[in-house]
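**Q** Requesting a structural model of the entry that follows:
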Amino acid sequence: MPRPTRLLLALRARLSALGDPERARGARAYMKSAMPFHGVGAVPLRAACRELFSRLVLPDADAFRREVLGLFRGAAFREERYAAVELARWRGFARFRGLDFLPVCEEMVVTGAWWDVVDPIAAHLLGELLAKEPRATRRAMLAWARSDDLWKRRSAILCQLGSRGETDPGLLFACIEPSLASKEFFLRKAIGWALRQYARADPTEVSRYVAANAERLSPLSRREALKHVGRPPVRRDGGGSSTGPGSRPRRAGRASGPPGSPAPPSR
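**A** Got it, this is the predicted structure:
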């Protein structure tokens, strides 16, 4: 393991003081994680990140990449990896996230190799790169979709989760295609989640795609894709509304990744 950076040592000290051993044991068991947890929930973890990262001054993109990878590679607790993803997403450093940040995302996806780390990288960081550099990122996602690495495939499928009406359906379907025959739960779930999100913008196209590929999509993917299609809109007071069934839709990726305690991979 690399020598901890000053930022990592400061983060570790803060999270250690905030940690709850009982929560840590439960989270580790639930996640089946070889890496231990501090036992810090989402709200205090975000507060700790905000306290440290808001004071961080970085001169350029190289320094930004070093700090992100310093946290991620040096992490000895799972929340420290979550914090690395938070730093990677930090709004104040958005100017440093260009195509040269894609290898950082790739390393975190391949090394993180679990939904709690991978999903926010896919939904937010890769989605941002796709918006900034659509041609190059599109080529990269098409390559990731055919990778031997499960988590790169999942990331390619999920990279447009937040795109809604700006979703490129050709890219979405092309990223799904290599995994249609897979029996891997995390790919089948990702396919359904990505289609379900796109259905919020274009339910007709998602219905058409599911019908055209009914024999190739797994029952899980079909069920997830059509979960909200055709349901009458319902307001919280019981009347009609355009916000969708039951309640306001969650933002893409919000509940499936860091920071904080684990949530089921229900996406």
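**Q** shouldn't Ser33 be in contact with Ala75?
**A** No. Here Ser33 does not reach Ala75: they are 11.6 Å apart, not a contact under Cβ atoms under 8 Å. The C-beta positions use only the backbone N, C-alpha and C, and glycine is treated the same way.
**Q** and these two? which has more neighbours close in?
**A** Neighbour totals were compared for Ser33 and Ala75, and Ala75 leads with 22 against 15 (other Cβ atoms under 10 Å).
**Q** any idea which helix or strand carries the residue lying closest to the more buried one once chain neighbours are set aside?
**A** Nearest residue to Ala75 in three dimensions, chain neighbours excluded: Arg81, at 4.5 Å (Cβ to Cβ, 6 or more residues apart in numbering). Counting by DSSP states H and E, the element that carries Arg81 is helix 78-89.
**Q** Nearest residue to His38 in space, please, no chain neighbours.
**A** His38's closest residue in space is Gly19 (Cβ to Cβ, 6+ apart), at 3.8 Å.
**Q** Could you pull up phi and psi at the one you found?
**A** phi -70, psi 150 (degrees, to the nearest 10).
**Q** Let me know the average pLDDT across the helix holding Arg81.
**A** Per-residue pLDDT over helix 78-89 has a mean of 98.
**Q** Then stretch 139-154?
**A** Mean predicted confidence for stretch 139-154 is 98.
**Q** what packs against the helix holding Arg81?
**A** Helices and strands touching helix 78-89, as assessed by 3 or more Cβ pairs under 8 Å, 6 or more residues apart in numbering; DSSP states H and E, comprise helix 6-18, helix 21-31, helix 42-53, helix 61-74, helix 102-112, helix 115-120.
**Q** Quick one: residues contacting the residue nearest to His38.
**A** Gly19 sits next to Phe37, His38, Gly39, Val40 when contact means Cβ atoms under 8 Å, 6 or more residues apart in numbering.
**Q** ok, now how distant is the first one from Asp116?
**A** Right, the one you point to is Phe37. Using Cβ to Cβ, to the nearest Å, one gets 11 Å for the distance from Phe37 to Asp116.
**Q** hey, what's in contact with both of these two?
**A** The overlap between the contact sets of Phe37 and Asp116 (Cβ under 8 Å, 6+ apart) consists of Met31, Arg78.
**Q** Neighbour count for those two, which is higher?
**A** Set Phe37 next to Asp116 and count neighbours by other Cβ under 10 Å: Phe37 wins out with 26 against 23.
**Q** That one is in contact with Glu22, isn't it?
**A** No. The pair Phe37 / Glu22 is not scored as a contact, 10.7 Å apart, by Cβ under 8 Å.
**Q** thinking again about what came up before, CSV for the helices and strands packed on helix 78-89, including mean pLDDT and distance to Val210?
**A** Formatted as CSV, these follow (pLDDT from 0 to 100; distance: least, Cβ to Cβ, whole Å):
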stretch, mean pLDDT, distance to Val210
helix 6-18, 97, 43
helix 21-31, 95, 31
helix 42-53, 97, 34
helix 61-74, 98, 37
helix 102-112, 98, 27
helix 115-120, 97, 22
